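[1] Following is a predicted model, sequence given first.
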Amino acid sequence: MDQAPKVSDALKRGLSVSVTTWGGQRIAGVVSDRDAAGLLLGVEGEGADGYAYLPWSSVERVDIPEVAHRQVKFLQG
């Protein structure tokens with residue numbers, strides 16, 4: 001890895017992630033929001049359409065398939 005992503009980029013609204021809880025449950029969804037308390041995912045499929053709120057204390061692992069790094073513009077001076 002040339003440069004590790006920032007949390008704000010890795011858990012940006014609209015990115016698809018998969019979360020594994022300490023209880024072993026795996027939830028895949030799209031990041032709707034995040035704050036200091038937890039993560040809100042939009043989930044679909046198998047009759048579970050809606051949102052899943054996961055407090056950080058329940059999250060063991062977040063798998064993020066791809067992170068778009070921020071575009072940085074350099075100003076010539």
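    Alright, I've got the coordinates.
[2] Mind jotting down where the strands sit in this structure?
    Taking DSSP state E as the test, the strands found in the chain are 16-21, 26-34, 38-43, 50-55, 59-63.
[3] got the contact list for the residue positioned nearest the centre of the chain?
    By Cα atoms, centre = their mean, the chain has its centre lying nearest to L11, at 3.6 Å. Shown in contact with L11 (Cβ atoms under 8 Å, 6 or more residues apart in numbering): 17, 31, 34, 39, 62, 64. (Glycine included, C-beta is placed from N, CA and C.)
[4] which of these tops the neighbour count?
    Each of the contacts of L11 was scored for neighbours by other Cβ atoms under 10 Å, and L39 scores highest at 22 neighbours.
[5] so what's that one closest to, chain neighbours aside?
    In space, and not counting its chain neighbours, L39 is closest to L54: 4.9 Å by Cβ to Cβ, 6 or more residues apart in numbering.
[6] Count the neighbours of that neighbour for me.
    Neighbour count of L54, defined by other Cβ under 10 Å: 19.
[7] distance of it from A37?
    10 Å (Cβ to Cβ, to the nearest Å).
[8] what does P55 give?
    On the measure of Cβ to Cβ, P55 and A37 end up 6 Å apart.
[9] pLDDT at G45, what is it?
    On pLDDT, G45 comes in at 73.
[10] quick one: it from G29, how far?
    G45 sits 9 Å away from G29 when distances are taken as Cβ to Cβ.
[11] go on, W22?
    For W22 relative to G29 (Cβ to Cβ), the value is 18 Å.
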